[in-house]
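Enquirer: model the structure of this input:
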Amino acid sequence: MNIFDDAVANAIVGARQRRTRSVTVDGAERVIPVPFPSPGDWREVPIYFLMLDRFNNPAAPPQGIWNRRFDFRQGGTFKGVQAQLGYLAALGTRAIWISPVLKNAQPEGRWNYHGYGAQDFLTVDGRFASDGQSATAARELAALIDEAHARGLYVVLDIVLNHAAEVFDYVRNGDVVADFVDPAVMDAPLGSEPAVRWRDGTGAARTDWEDQLPPQVGPDDAVWPADLQNHLFFRRRGAKLSDARDWRGFVPGDFSTMRQLVAEYDATAPGQEPLRARYGVSPVLSILIRIHQYLIAQFDVDGFRVDTVKYVEPNAIQTFGNAMREFALSLGKQNFFTFGEVYDDEQTIAAFVGRSGGSGDGFGIDAALDFPLFFKLPAVAKGFMDVAAIRSVFTGRKAVEAGLLSSHGEAGQYFVSFLDNHDQHERIRNPLTPDAQVLLAVTLLFTLQGIPCLYYGTEQGLSGTVDENGNPDLTANESTREALWGKLGAFDTGTVAYRHIAAITALRTGDPALCFGRLYFREVSGNGLDFGHSSGAGGLVAFSRILFDREVLVIANTGAQAFSGAVVLDRDINTSAQRMRIAYSNFDSAAETATRLIPAANFYVPGQPVTHGTASALDVTVAGNEVQVFVPV
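Expert: This next block holds a predicted model:
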């Protein structure tokens, strides 16, 4: 197949024909519009990230021990996800982010399960199907998405623009090698790349497939679509040397053994007229754009999470983001969502997102995973890091993102926040983490600015893998990928974590201030007179979310000792006593009280003179490791 085949063209044309579809949900028929319309604002859409191979298979148990490190496929399926859509909806999930679904390299091998090594970018991987066939996989993925839409859930697919699978080996100093790292090759002039030997469907490098492929290769051989079967479209300089970005703005080199595509490939040079005639001046990017237009058209997905974004040249990401946005608009999806993995700091993220993304006149991808917050929030919530670190993230963000924002409350739409994921060695819950700390962290995740994303199994108490003796394995690389359905009672909606997370989610989605509100960190006082921002490990995280005339207060005690005192609130909103109640507490605390004016409060900022004035404050008592969310009565 190539990107101009009838199947691709027909899917794209057909997607523009507005229609409806009948879907059976829990025995009843529901009619959904196709294409399915986008949400008005993704800040109202809590996301649940699941690894497809590790979530559920109602037809078979996991291939290995469910919570032991297992570097091969456990057997999760599309039908397994579809079977638990009601469970996810009841949790309060409004969007499901699914790890990559495209066909990975054959044969079955170590690390092949994760999906991030595509060999065929137009074909759904048959290993996620009930019968192992790609055609069935495509139908079952479509059925999963249809039912998700019928339940009011959106679906985000994980995609990769940076690399393909290990589809060729290198010819290096007369030898065929799978991988190498060499600064001299990375810095050599263009055109001096080593030759490649394409791999066939058995994983063997073919001696007769050097550089150019023969006209006829099998569906498991090399790379597909056929448009990508050009060695010039790959970097071919060995593995990346480091995560340092070069002068072009990205990280060159293969991602481990997965082969880096040249997304920024320029076909304007003499002799490249055939490429320009077929694909335009940016052939690799044009092919990638057409592939993902097809995925939107064929499966009616609502967004893309883009893997390894910082390894792709920013202008290429900008062009891709614009293309997805405009194509989706042509279908009637008015807010198709793209967010990327930029495993870095605020400045690097800003190079890819929104108006700062790329150097042209367009927009980059819509958002990025919030690694700056992730680097702080789990440790703060567990009392290991100064609580001021959370305040510093958002203070610094306002400066870095100044070119993106038209109002203070907008900052949240550019970040998808999280506590853990499949690339981390440890979940937010390890075997020694109490429920209270996990729920405190989740509450902060859902009440701070950002689009919150929950990693699968958090609601079921997953805490990482164990070793062969059943002891916690906290050292294994990427050890947080348990096969959830192997756990006894894996989808129990009565667990403490599930019930509380459902309550947190309902609170957020039901209160516009928590979705869209401005964010202000609040001073606290132990004596009701002297106020300042809490600091130190085990301190208080206190902030308000304000939307128009509504203020929601969140106060989290990350220490072990109870705190009794007062928290400053907005003077303009609270000119007179305002009754507030605890809408959520991880300790199930219930209280209703009123704000009060303090005529002669003292305000302390380190290194600055003390200031004095009238404060509006709320008296609170918060147990150790408790978080409380106050809303106006």
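
Enquirer: just after the worst-scoring helix or strand of the chain on mean pLDDT, pick out the following helix or strand.
Expert: Among the helices and strands of the chain, helix 346-350 carries the lowest confidence by mean pLDDT, DSSP states H and E, at a mean of 88. For helix 346-350, the following helix or strand on the C-terminal side (DSSP states H and E) is strand 367-369.

Enquirer: report pLDDT for residue 403.
Expert: On the pLDDT scale, residue 403 is placed at 67.

Enquirer: enumerate every residue touching residue 265.
Expert: When contacts are counted by Cβ atoms under 8 Å, 6 or more residues apart in numbering, residue 265 touches 232, 233, 282, 283, 284, 285. Where C-beta positions appear, they are placed from N, C-alpha and C, glycine not excepted.

Enquirer: what about those, which are in helices?
Expert: Cross-referencing the contacts of residue 265 against helices under DSSP state H gives 283, 284, 285.

Enquirer: may I see the buried residues of the least confident helix or strand of the chain?
Expert: Residues of helix 346-350 classed as buried under the neighbour-count rule (16 or more other Cβ atoms under 10 Å) are 346, 348, 349, 350.

Enquirer: of those, which is the nearest to residue 312?
Expert: Relative to residue 312, the closest of those is residue 348; by Cβ to Cβ it sits at 12.4 Å.

Enquirer: between the ones in helices among the contacts of residue 265, which has the most around it?
Expert: Neighbours here mean other Cβ atoms under 10 Å. Within the ones in helices among the contacts of residue 265, the largest count is held by residue 285, at 26 neighbours.

Enquirer: in the protein, which strand has the most residues?
Expert: With DSSP state E applied, the strand covering the greatest number of residues in the chain is identified as strand 611-622.

Enquirer: quick one: the helix or strand following that one to strand 611-622, angle?
Expert: Towards the C-terminus, the helix or strand next in line after strand 611-622, according to DSSP H and E, is strand 627-632. Here strand 627-632 runs at an angle of 110 degrees relative to strand 611-622 (axes from the mean of the first three to the mean of the last three Cα atoms, to 10 degrees).

Enquirer: report all helices and strands that strand 627-632 contacts.
Expert: Packed against strand 627-632 by the contact rule (3 or more Cβ pairs under 8 Å, 6 or more residues apart in numbering; DSSP states H and E) you find helix 435-447, strand 550-557, strand 579-585, strand 611-622.

Enquirer: kindly format the C-alpha coordinates of it as PDB.
Expert: What follows is the C-alpha trace of strand 627-632 in PDB, where atoms were taken according to Å, rounded to 0.1, in the frame of the first residue of the first chain:
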ATOM      1  CA  VAL A 627      -5.900  17.600  51.000                       C
ATOM      2  CA  GLN A 628      -9.100  19.700  51.200                       C
ATOM      3  CA  VAL A 629     -10.900  21.500  48.400                       C
ATOM      4  CA  PHE A 630     -13.200  24.300  49.600                       C
ATOM      5  CA  VAL A 631     -16.000  25.700  47.300                       C
ATOM      6  CA  PRO A 632     -18.400  28.500  48.000                       C
END
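
Enquirer: point out where this protein drops to low pLDDT.
Expert: Under the criterion of pLDDT under 70, the regions of the chain flagged as low confidence span 355-362, 403-409, 474-479.

Enquirer: dump the residue contacts of the most centrally placed residue in it.
Expert: Note on the chain: the residue nearest the mean C-alpha position is residue 369, at 5.4 Å, using Cα atoms, centre = their mean. Residues counted as contacts of residue 369 (Cβ under 8 Å, 6+ apart) are 305, 339, 340, 341, 342, 343, 415, 416, 418, 453.

Enquirer: got it, and residue 268?
Expert: When contacts are counted by Cβ under 8 Å, 6+ apart, residue 268 is found next to 276, 281.

Enquirer: equivalent analysis for residue 20, please.
Expert: With contact taken as Cβ under 8 Å, 6+ apart, residue 20 is in contact with 31, 32, 33, 34.

Enquirer: over to residue 97?
Expert: Neighbour list for residue 97: 47, 48, 49, 50, 156, 157, 158, 305, 453 [criterion: Cβ under 8 Å, 6+ apart].

Enquirer: just read off the phi/psi values of the fifth one.
Expert: Read it as residue 156. Dihedral angles of residue 156 (phi, psi; degrees, to the nearest 10) stand at phi -110, psi 130.

Enquirer: I figured it was touching residue 296, is that so?
Expert: No: the pair residue 156 and residue 296 does not pass the contact test of Cβ atoms under 8 Å, sitting 11.5 Å apart.

Enquirer: let me know the angle separating the longest strand of the chain from strand 579-585.
Expert: Using the same axes, to 10 degrees, the inter-axis angle of strand 611-622 relative to strand 579-585 is 50 degrees.

Enquirer: what residues does strand 611-622 touch?
Expert: Applying Cβ under 8 Å, 6+ apart, the external contacts of strand 611-622 come out as 525, 528, 531, 540, 553, 555-557, 562-571, 573-575, 580, 591, 593-603, 605, 628, 630.

Enquirer: in that strand, which residues are buried?
Expert: The neighbour-count criterion (16+ other Cβ under 10 Å) identifies 615, 616, 617, 618, 620, 622 as the buried residues of strand 611-622.

Enquirer: now residue 238: how far from residue 253?
Expert: Residue 238 sits 6 Å away from residue 253 when distances are taken as Cβ to Cβ, to the nearest Å.

Enquirer: mutual contacts of these two, please.
Expert: Shared between the contact lists of residue 238 and residue 253 (criterion: Cβ under 8 Å, 6+ apart) are residues residue 186.

Enquirer: if we can go back for a sec, export only the CA atoms of the longest strand of the chain, formatted as CSV.
Expert: Taking only C-alpha atoms (Å, rounded to 0.1, in the frame of the first residue of the first chain), the coordinates of strand 611-622 have been written out as CSV:
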residue,chain,number,x,y,z
THR,A,611,3.9,44.6,54.7
HIS,A,612,0.7,45.2,56.6
GLY,A,613,-2.9,45.3,55.6
THR,A,614,-6.4,43.9,55.8
ALA,A,615,-6.7,40.2,54.7
SER,A,616,-9.6,38.0,53.9
ALA,A,617,-8.9,34.5,55.3
LEU,A,618,-10.4,31.1,55.9
ASP,A,619,-9.7,29.2,59.1
VAL,A,620,-8.8,25.6,58.3
THR,A,621,-7.7,22.4,60.1
VAL,A,622,-5.9,19.9,57.9
